[in-house]
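> What follows is a protein structure lacking sequence information:
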């Protein structure tokens, strides 16, 4: 899975409304993950933006939200979720806040496309845990190639169960045919 953006952000807790300083990762599948530190060992919260994000606001667009101490309102980021709740964040600078906002909006909107050379068309791919994404530099400046590889073991269990079921049915049918000559003797 490809990491789009990571860094330290202030996050307001949902219950006590206190500000906590967390390491944040934004992945290409739209997962916004909050950790206690850079080692990413203890996941505190995960928000799936592709499914739940409605809007992202930053700076003075954030309304009545007050930032953590010693941070101006221009550093605020509010992620509006589909269930009506919000994820309140605060960056270390206004530029970082705008960069996070743009990356969050791009992640929410833009799917990953795969080129099909047989139809000369692009197909949108829903990225999930069964895909591996590789991003390599493209031919020119500012271009990138995105390669999506599906898990080779995706669907193995279903195919194996179907094979076992077909084998049991064939075995039952053959067993009845093998005993049939003894009934005529």
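Everything's here; your move. Since the structure is predicted, the reported quantities are computational estimates derived from the model, not experimental observations.
> Skip the chain neighbours and tell me the closest residue to residue 38.
residue 23 (5.1 Å; Cβ to Cβ, 6 or more residues apart in numbering). All C-beta spots, glycine's among them, are computed from the backbone N, C-alpha and C.
> Run through the residues that contact the one you found.
Residues in contact with residue 23 (Cβ atoms under 8 Å, 6 or more residues apart in numbering) are 6-8, 34-38, 40.
> And what about residue 160, helix, strand or coil?
Assigned state for residue 160: helix (three-state reduction, DSSP: H, G, I helix; E, B strand; the rest coil).
> Distance check, it against residue 121.
From residue 160 over to residue 121 the distance is 33 Å, taken as Cβ to Cβ, to the nearest Å.
> Residue 84: helix or strand, and which one exactly?
Using DSSP states H and E, residue 84 sits in no helix or strand.
> Kindly confirm whether my reading is correct that residue 71 touches residue 90.
Yes. Counting by Cβ atoms under 8 Å, residue 71 touches residue 90, with 5.4 Å between them.
> Can you pick out the residue with more neighbours from the two?
Using other Cβ atoms under 10 Å as the criterion, residue 71 and residue 90 rank with residue 90 on top: 27 against 17.
> contacting residues for the more buried one?
So residue 90 contacts 9-12, 19, 67-68, 71, 75-77, 97 (Cβ under 8 Å, 6+ apart).
> In helices, which of those residues fall?
residue 97 (DSSP state H).
> Kindly indicate which of the contacts of residue 90 lies nearest residue 170.
Nearest to residue 170, judged by Cβ to Cβ, of these is residue 11 at 57.8 Å.
> if we can go back for a sec, scan the contacts of residue 90 and report the most crowded one.
Most crowded among the contacts of residue 90, counting by other Cβ under 10 Å, is residue 76 at 27 neighbours.
> what's the neighbour count on the closest residue to that one other than its chain neighbours?
Excluding its sequence neighbours, the residue lying closest to residue 76 (Cβ to Cβ, 6+ apart) is residue 62, at 4.3 Å. Neighbours of residue 62 under the rule other Cβ under 10 Å: 21.
> which residues touch residue 62?
With Cβ under 8 Å, 6+ apart, residue 62 has these contacts: 73, 76-78, 88.
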